[in-house]
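Participant: Below are the sequence and a predicted model for it; my questions follow.
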Amino acid sequence: MFDKVLIANRGEIALRIHRACREMGIRTVAVHSTADEDAMHVRLADEAVCIGPPQARQSYLNIPAILSAATITGAEAIHPGYGFLSENADFASMVEEHGLTFIGPSPEHIRMMGDKITAKNAAKAAGLPVVPGSEGALESLEDARRNAEEIGYPVLLKATAGGGGKGMKVARDASEIEEAWRLARSEAGSAFGNADLYMEKYLGKPRHIEIQILADNHGEVVHLGERDCSLQRRHQKVLEEAPSPALNSVMRESIGSIATAAMKKIGYRNAGTIEFLYEDGKFYFIEMNTRLQVEHPITEMITGLDIVREQVRIAAGAPLGYTQEDVRFSGHAIECRVNAEHPETFVPSPGKVGIYHAPGGLGVRVDSALYTGYRVPPNYDSMIAKLIVHGTSRNECLMRLRRALGEFVVEGMNTTLPLHQRLIAEPDFVNGDYDIHWLEHFVHRQD
Ligand code: ADP
């Protein structure tokens, strides 16, 4: 096992990784920008190294600075968290070239899944069902038209380099294709420096259901069930639950075993998530995230497994030590992402935390790096906390979530806590009756 791990991230996820390492008796090295000198992850880690100014490009994305920090502190492995360098295949190879261990999949798998088209082809070849769409990148507007006629409107244009829901435009009929093509290309070009697009059938009322995978270096692969992440705003997840209200155990086992078989086939290792859209009883692969995900705690709550610990063990070469039959699902879990944003306009609201009180009690977990007096820097993502609640049933989980949200106090800035309170009181949500478009309508509804 490693003696020392460097955590190449910040905020709640840096803390989350630190906690897993500490429990395993592993010392931690935090890296931070000058904006994060007082951050909780810096305070709690055994050692901390400043790697640059506030701009992420010069600090949390600064590969030479991070590798030097690992070298001078004698860290043996690097955990990238999510975001930042977590899906950068070049970074993963450089870590290995420096004689360090990257806590994640191989650079080849990161690369394979990082491009939407190679990912989709690999998924298809590994036996995963995919959304009907263009063979590869579209060559021209004419090519887009031809494909749309073949696939049938409505269609979705997506960036091959996509991420974070950017560079995605729907064309409902032939009259919309030109505009969608132009907008998607320009958005993809400015977001990713790559304007290439591909096309998919646009699904009208799907749910977003993803399967968590763990794979060791010895050929064992298990799935930890699904997460339903259909509640999204601008393609960004807002609230997630596990298990999905839309699946039963037979469907879970079926898609879970298809997913594990696919991962065995491609030789994947470490943690990963296969994302599907689910409509009319069918699953369609959309992408694979080759990293730890924001919403991983709900899976931990229903399986009792510490996914970060498993990642570290796998990276150190340890066998999983259990098989699919040993994975047990218990109860229901929901995660609310709390952002420092206005709950109606979503305008970011960084600032100094006044009174801070996190809820507690049985089945309540708060993953956050906030504390009273902490100044949330304006330079990074606006998520400031994740409230994760577990109950023996979905109903108990909802009652507990309502109670916990009522206790949560974050003064000094706007937060999306009121949005969550409003959301969980909605009959459609209570009934589990929602798709990926539901939240967008709910947010814009005047009542
Ligand atoms: P990104 O990597 O940018 O997040 P994804 O391919 O994961 O892109 O898609 C993000 C979200 O966009 C999905 O969760 C879903 O809400 C929506 N989406 C993606 N593909 C389709 C599709 N073919 N039809 C309808 N909605 C889609």
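Facilitator: That came in fine, so what should we check first?

Participant: alpha carbons only for contacts and neighbour counts from here, please
Facilitator: OK.

Participant: end-to-end on stretch 2-17?
Facilitator: This stretch, stretch 2-17, spans 14 Å end to end (Cα to Cα, to the nearest Å).

Participant: Now it: buried residues?
Facilitator: 2, 4-17 (16 or more other Cα atoms under 10 Å).

Participant: Stretch 389-401 too?
Facilitator: 389, 390, 391, 394, 396, 397, 398, 400, 401.

Participant: what do you get for stretch 258-269?
Facilitator: Those would be 258, 259, 260, 261, 262, 263, 264, 267, 268, 269, for stretch 258-269 by 16+ other Cα under 10 Å.

Participant: likewise stretch 30-37?
Facilitator: Result for stretch 30-37 [16+ other Cα under 10 Å]: buried residues 30, 31, 32, 33, 35, 36.

Participant: Now the nearest residue to residue 324 once chain neighbours are set aside: which helix or strand?
Facilitator: Distances taken as Cα to Cα, 6 or more residues apart in numbering put residue 222 closest to residue 324, at 5.3 Å, once the chain neighbours are dropped. Element membership of residue 222, judged by DSSP states H and E, is strand 221-233.

Participant: got the CA positions of that strand in CSV?
Facilitator: Presented in CSV, the C-alpha positions along strand 221-233 are these (Å, rounded to 0.1, in the frame of the first residue of the first chain):
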residue,chain,number,x,y,z
VAL,A,221,-15.2,-6.5,-12.4
VAL,A,222,-18.4,-5.6,-10.4
HIS,A,223,-21.1,-3.1,-10.7
LEU,A,224,-22.5,-1.2,-7.7
GLY,A,225,-26.0,-0.6,-9.2
GLU,A,226,-27.3,2.5,-10.8
ARG,A,227,-27.8,6.2,-10.0
ASP,A,228,-30.7,8.1,-11.5
CYS,A,229,-29.4,11.6,-12.4
SER,A,230,-32.3,12.8,-14.5
LEU,A,231,-32.8,16.0,-12.5
GLN,A,232,-30.6,18.3,-14.5
ARG,A,233,-30.5,22.0,-15.3
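
Participant: Average pLDDT for it, rounded please.
Facilitator: Strand 221-233 carries an average pLDDT of 98.

Participant: Make 535 the starting number, not 1.
Facilitator: From this message on, residue numbering opens at 535, which makes the last subject strand 755-767.

Participant: Output the buried residues of stretch 923-935 in CSV; the columns should cover secondary structure and pLDDT.
Facilitator: Output for those, formatted as CSV (DSSP: H, G, I helix; E, B strand; the rest coil; pLDDT from 0 to 100):
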residue, secondary structure, pLDDT
923, strand, 99
924, strand, 99
925, strand, 98
928, helix, 98
930, helix, 98
931, helix, 98
932, helix, 98
934, helix, 98
935, helix, 98
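
Participant: possible to save these as a markdown table with distance to residue 960?
Facilitator: Supplementary listing: those in a markdown table, determined by distance: Cα to Cα, whole Å:
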| residue | distance to residue 960 |
| --- | --- |
| 923 | 18 |
| 924 | 20 |
| 925 | 19 |
| 928 | 15 |
| 930 | 16 |
| 931 | 15 |
| 932 | 11 |
| 934 | 16 |
| 935 | 14 |
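
Participant: For residue 696, state which of the residues you listed is nearest.
Facilitator: residue 923 (31.2 Å; Cα to Cα).

Participant: Distance of that closest one relative to residue 747?
Facilitator: Counting by Cα to Cα - residue 923 and residue 747 are separated by 22 Å.

Participant: you'd agree residue 667 is up against residue 736?
Facilitator: No: Residue 667 is beyond contact range of residue 736, at 9.2 Å (criterion: Cα atoms under 8 Å).

Participant: does any part of stretch 961-969 sit near the ligand?
Facilitator: No: on the criterion Cα under 6 Å from any ligand atom, stretch 961-969 is out of touch with the ligand, staying 8.7 Å away.

Participant: how distant is that stretch from the center of its chain?
Facilitator: 22 Å (Cα atoms, centre = their mean, to the nearest Å).

Participant: Which residues does stretch 872-891 contact?
Facilitator: 904-912, 916-921, 941-953, 977 (Cα atoms under 8 Å, 6 or more residues apart in numbering).

Participant: near the ligand, which residues of the chain?
Facilitator: 690, 696-700, 734-737, 742, 769, 820-821, 970.

Participant: which among the residues you listed end up buried?
Facilitator: Counted by 16+ other Cα under 10 Å, the residues of the chain next to the ligand give 690, 696-697, 700, 734-737, 742, 769, 820-821, 970 as buried.

Participant: In strands only, show me these.
Facilitator: Among those, the members found in strands (DSSP state E) are 690, 734, 735, 742, 820, 821.

Participant: Residue 613: which of these is nearest?
Facilitator: residue 821 (21.9 Å).

Participant: Quickly note the distance from the most centrally placed residue in the chain to the ligand.
Facilitator: Centroid-nearest residue in the chain: residue 827, 3.4 Å away (criterion: Cα atoms, centre = their mean). According to Cα to the nearest ligand atom, to the nearest Å, residue 827 stands 12 Å off from the ligand.

Participant: for residue 815, same thing?
Facilitator: If you go by Cα to the nearest ligand atom, the gap between residue 815 and the ligand works out to 15 Å.

Participant: ditto for residue 660
Facilitator: 18 Å.

Participant: Would you mind measuring from that residue to residue 793?
Facilitator: Taken as Cα to Cα, the span from residue 660 to residue 793 is 9 Å.

Participant: Using PDB, write out every CA atom in stretch 725-740.
Facilitator: This file holds the C-alpha atoms of stretch 725-740, laid out as PDB (Å, rounded to 0.1, in the frame of the first residue of the first chain):
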ATOM      1  CA  ALA A 725     -15.500  25.500 -25.300                       C
ATOM      2  CA  PHE A 726     -13.100  22.800 -26.600                       C
ATOM      3  CA  GLY A 727     -11.100  24.300 -29.400                       C
ATOM      4  CA  ASN A 728     -12.600  21.600 -31.600                       C
ATOM      5  CA  ALA A 729     -15.800  22.300 -33.500                       C
ATOM      6  CA  ASP A 730     -16.400  18.700 -34.700                       C
ATOM      7  CA  LEU A 731     -19.900  17.400 -34.300                       C
ATOM      8  CA  TYR A 732     -21.800  14.100 -34.500                       C
ATOM      9  CA  MET A 733     -25.400  13.400 -34.500                       C
ATOM     10  CA  GLU A 734     -27.800  11.300 -32.300                       C
ATOM     11  CA  LYS A 735     -31.500  10.600 -32.400                       C
ATOM     12  CA  TYR A 736     -33.000  13.100 -29.800                       C
ATOM     13  CA  LEU A 737     -34.800  11.100 -27.200                       C
ATOM     14  CA  GLY A 738     -38.000  12.900 -26.000                       C
ATOM     15  CA  LYS A 739     -38.500  11.700 -22.400                       C
ATOM     16  CA  PRO A 740     -35.500   9.700 -21.300                       C
END
